[in-house]
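need a structure here:
(one chain, ligands or ions: 2)
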Amino acid sequence: MSHYLRKNWKITSAVCFFQITEWGLQALLQILLIQQFDSAMNFDFKRFTFWIIISLISWGIYFIVCALQECTQAKAVRILNNQVRHDLYISLLHKKHQEYHSQDSGEYISWMTNNIKQIETLAWNPFFDCVGRVAQVLWSIFVLFKIHWSLMIASLVSAAIMWSFPKLFEKKMEQIGKNCSDKQAIAISRLKDLLSGFDVLRCFNKTEQFIKKGDSASDQVEEPAYHLSCTSSINGCSMGYVSVVIQILSDILIVALAFQGKIMPAVLAGSSNLFAGVANGLNKFSTLRLSIAASRPYFEKITAHDTEKPKKYQEKWEPIQNAITMENISFSYEQKPILKDMNLQFEIGKKYAITGPSGCGKSTLLKILLGWLPEYNGKVLLDGKDSRSYSVEQLQEQIGYIEQNVFLFNTTIRENITLGEPFSDEQLQKALNDSSLSNDLASMPDGLDTVVGEEGRNLSGGQKQRVAIARALIHNRSILLVDEGTSALDKNNADVVERSLLNNSELTLILISHHLSPERMNQFDKVYHLKPLNDIINQSN
Ligand code: ADP
Ligand code: MG
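Ligands and ions are numbered 1, 2, ... in the order given. Below you'll find the predicted structure:
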């Protein structure tokens, strides 16, 4: 938390300045009130009018400062929230492929929405209020000291009590805050899963289940928040009672001093407010401190990656000139072995096909080549250099990938292909032809500017695959890994695409396919047949 406040010290200081000024003006207004009372009690109307005018001006200034403080605080919260989200994106980018997918996207969405909202209500706003409350307490103590030293001592004693009281709750609140964050993330991911499965439930007439599960997930979101807010209120009320007792004791002291003639009677009008300022300020401050303690687990999620030592990679990416060699590669998902002692070689510029039954590890093999699954045994050598000495970003400079389950962003076909890069019209046209997407576009009124819908829902499976192929082709990586990239295409379109890939002499192609016709197989330099675990049958052409 302090990291973010320090990073934005200018706006943070501005908010603190306005908070301190606002509470300083509050204390000043109490002095003005005492003066008004004193002049009224002495029937000095000239003095009374003077203090009334000063009071009116001061109240005006006070509200201007309040408005400035609130606007600056809102701006600061906006900047801080955006920065926390920014760091969350970075922390996601630090995750390895498997680590990223070990949590589902619903949980990440919960981080970006719920957690940020909680950070705002538990940390940012309470922090600024805390500064204000400390200022309120200090200003009140200062003014009380000016009236009589014993009032200051009394307020300091009350400060000590109010300070130590919340310590009793601090640990528990932190624990409850953590539980709340974890439970909400799980509930949100269940909700997301349920919404994604809408079509399945409707298709099987399980709409009741949709509502039942929705209700249960909804309460799972609400329940921890309710628990947190109840505990927080109970703590707040107990502290409120302690502060009232302190305030009553202080009132007794003020009255005693006035009876002894040590303070002027008019002081009674303002000093009880000042005393209340110390007590309320401290009471509020203690509650806010607890709230800030409960925000700690939310910050830990963002900074978790900071503790890991960054891995050292080769400084420069040297394009692969000769071959990629897989030596004795074995790989397991947790305890489940998928690949065992596999030896394969892919020479640059040649065309390879990998076939094999579903589940035998073809996609896993491509992900190892992409550098996404670094926890394998054996070696992947790029011109003799260990692939693990390069970062995933470096590998992806030369290796392109068409995934088995195509993902499209909910934007235009153009943006899904270019991913924001400024390609020329010729480059775009070539990619559209080679992926045989041009025919589809001809029948779409908006052409390349057709919006594809959530996860590309407005396109057919084949069209989605053609967009993915165009995306990979235009990015022009010299090694292309295609995971069943043509499986959803009809024979004609598959022919067009496969021919264009095979005819590209500079391209190194590693294509996974369930079924390849004998004629097609002959066009590859080598076909590897994978069998579930171990056996690879090489077929060279
Ligand atoms: P293929 O592409 O040949 O159909 P995959 O490489 O996708 O096969 O998967 C091989 C096996 O690994 C399958 O049995 C699959 O269930 C399992 N598998 C794939 N991904 C994961 C994962 N992330 N976690 C656990 N098991 C997985
Ligand atoms: Mg697969």
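
Any idea which residue of the stretch 401-541 of the chain lies closest to ligand 2?
Closest approach between the stretch 401-541 of the chain and ligand 2, counting by C-beta to the ion: Q404, at 4.8 Å. (C-beta placed from N, C-alpha, C; glycine too.)

so what's the residue lying closest to that residue once chain neighbours are set aside up against?
Closest residue to Q404 apart from its sequence neighbours, by C-beta to C-beta, 6 or more residues apart in numbering: D483 at 4.2 Å. Taking C-beta atoms under 8 Å, 6 or more residues apart in numbering, we find D483 in contact with 362-363, 366, 401-404, 512.

Check E223 too.
Here E223 is in contact with K183 (C-beta under 8 Å, 6+ apart).

where's it relative to K172, distance?
According to C-beta to C-beta, to the nearest Å, E223 and K172 sit 17 Å apart.

How about A353?
61 Å.

And these two? Which one has more around it.
For A353 and K172, the more surrounded residue by other C-beta atoms under 10 Å is A353, and the numbers stand at 24 against 14.

tally of neighbours for F346?
23.

List the beta-bridge partners for it.
Beta-bridge pairing of F346 under DSSP bridges involves I324.

Just give the number of residues close to T12.
22.

Mind giving me the packing neighbours of the strand or helix carrying it?
Here T12 sits within helix 9-41, counting by DSSP states H and E. On a contact count with 3 or more C-beta pairs under 8 Å, 6 or more residues apart in numbering; DSSP states H and E, helix 9-41 meets helix 45-93, helix 125-147, helix 267-294.

in what helix or strand does S330 lie?
strand 323-333.

Just list what that strand packs against, helices and strands only.
strand 336-347, helix 362-370, strand 377-382.

and the longest one with helix 362-370, angle?
To tie it back to what came earlier, the one meant is strand 336-347. Inter-element angle recorded for strand 336-347 and helix 362-370: 60 degrees (by axes from the mean of the first three to the mean of the last three C-alpha atoms, to 10 degrees).

Give the other helices and strands that strand 336-347 contacts.
strand 323-333, helix 362-370, strand 508-512, strand 536-540.

Out of the ones you listed, which one sits most buried?
Per residue and on average, the most neighbours among the helices and strands packed on strand 336-347 fall to strand 508-512, with a mean of 23 (mean count of other C-beta atoms under 10 Å).

Quick one: name the residues of the stretch 351-500 of the chain near ligand 2.
Residues of the stretch 351-500 of the chain lying near ligand 2 by C-beta under 5 Å from the ion: 363, 404.

Torsion angles phi and psi at the residue in the stretch 151-300 of the chain that ligand 2 sits nearest to?
Proximity of the stretch 151-300 of the chain to ligand 2 (C-beta to the ion) peaks at S196, 20.8 Å away. When read as degrees, to the nearest 10, the backbone of S196 gives phi -70, psi -30.

So what's the residue count around it?
Neighbours of S196 under the rule other C-beta under 10 Å: 14.

Please apply the same query to E421.
Close neighbours of E421, defined as other C-beta under 10 Å, add up to 10.

before we move on, the earlier item: is the residue nearest to Q404 in a bridge, and if so with what?
Under DSSP bridges, the beta-bridge partners of D483 are I512.

ok, now how distant is it from L144?
75 Å.

Also S243?
Going from S243 to L144 by C-beta to C-beta gives 16 Å.

cool, and I338?
For I338 relative to L144 (C-beta to C-beta), the value is 74 Å.

Neighbour count: those two, which is higher?
For I338 and L144, the more surrounded residue by other C-beta under 10 Å is L144, and the numbers stand at 28 against 19.

And that one, what's its pLDDT?
Here the pLDDT value assigned to L144 is 87.

so what's it closest to, chain neighbours aside?
Using C-beta to C-beta, 6+ apart, the closest residue to L144 is L151 (4.2 Å).

Secondary structure of that neighbour: a helix, I assume?
Yes - counting by DSSP: H, G, I helix; E, B strand; the rest coil, L151 is part of a helix.

Counting neighbours, what do you get for it?
Using other C-beta under 10 Å, the number of residues around L151 comes to 26.

Now the residue nearest to N322 when sequence neighbours are not counted: phi and psi?
Nearest non-adjacent residue to N322, counting by C-beta to C-beta, 6+ apart: D383, 5.1 Å away. Main-chain dihedrals, D383, degrees, to the nearest 10: phi 50, psi 40.

Look up how far N328 lies from D383.
18 Å.

again with V496
From V496 to N328 the distance is 38 Å (C-beta to C-beta).

Next, count neighbours for P374.
Using other C-beta under 10 Å, P374 has 15 other residues around it.

Get me the contact residues on the stretch 101-250 of the chain for ligand 1.
Contacts of the stretch 101-250 of the chain with ligand 1, taken as C-beta under 6 Å from any ligand atom, are absent.

how about 8 Å then?
By the rule C-beta under 8 Å from any ligand atom, the part of the stretch 101-250 of the chain lying against ligand 1 is H101.

which bits of this protein sit near ligand 2?
Taking C-beta under 5 Å from the ion as the measure of proximity, the chain contacts ligand 2 at 363, 404.

run the last query once more with 8 Å
358-359, 362-364, 404, 483-484, 512 (C-beta under 8 Å from the ion).

Using a markdown table, lay out those residues together with pLDDT.
Below are those laid out as a markdown table (pLDDT from 0 to 100):
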| residue | pLDDT |
| --- | --- |
| S358 | 86 |
| G359 | 87 |
| K362 | 91 |
| S363 | 91 |
| T364 | 93 |
| Q404 | 82 |
| D483 | 90 |
| E484 | 85 |
| I512 | 91 |
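
and ligand 1, which of these reach it?
Among those, proximity to ligand 1 is found for 358-359, 362-364, 404, 483-484, 512 (C-beta under 8 Å from any ligand atom).

so how many other residues sit close to P166?
Neighbour tally, P166, other C-beta under 10 Å: 22.

Likewise for the one 4 residues further on?
Burial of E170, expressed as a neighbour count using other C-beta under 10 Å, amounts to 16.

Are we agreed that it is in a strand?
No - looking at E170 with three-state DSSP, it is helix, so not inside a strand.

neighbouring contacts of stretch 456-467?
Contacts for stretch 456-467 (C-beta under 8 Å, 6+ apart): 402, 406-408, 413, 416-417, 435-437, 440, 450-453, 485-490, 493, 497.

Same question for stretch 286-300.
Contact with stretch 286-300 is made by 1, 115, 118-119, 121-123, 126-127, 129-130, 133, 162-163, 165-166, 169-170, 173-174, 176-178, 181, 228, 232, 235-236, 239, as judged by C-beta under 8 Å, 6+ apart.

for the record, mean pLDDT for stretch 128-137?
Regarding stretch 128-137, the rounded mean pLDDT is 91.

Convert that stretch to CSV, retaining C-alpha atoms only.
Extracted C-alpha coordinates of stretch 128-137, given in CSV (Å, rounded to 0.1, in the frame of the first residue of the first chain):
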residue,chain,number,x,y,z
PHE,A,128,-7.0,9.6,3.6
ASP,A,129,-9.6,9.7,6.3
CYS,A,130,-7.0,8.5,8.8
VAL,A,131,-4.8,11.5,7.9
GLY,A,132,-7.8,13.8,8.4
ARG,A,133,-8.6,12.2,11.8
VAL,A,134,-5.1,12.5,13.0
ALA,A,135,-5.2,16.1,12.0
GLN,A,136,-8.5,16.5,13.8
VAL,A,137,-7.1,15.0,17.0
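
Distance from that stretch to the middle of the chain?
Offset of stretch 128-137 from its chain centre (C-alpha atoms, centre = their mean, to the nearest Å): 29 Å.

Count the neighbours of the nearest residue to K206 once chain neighbours are set aside for me.
In space, and not counting its chain neighbours, K206 is closest to V200: 7.9 Å by C-beta to C-beta, 6+ apart. When neighbours are defined as other C-beta under 10 Å, V200 has 10 of them.

now the one helix or strand V200 maps to: how far from the chain's centre is it?
With elements delineated by DSSP H and E, V200 resides in helix 198-203, which encompasses its position. Offset of helix 198-203 from its chain centre (C-alpha atoms, centre = their mean): 30 Å.
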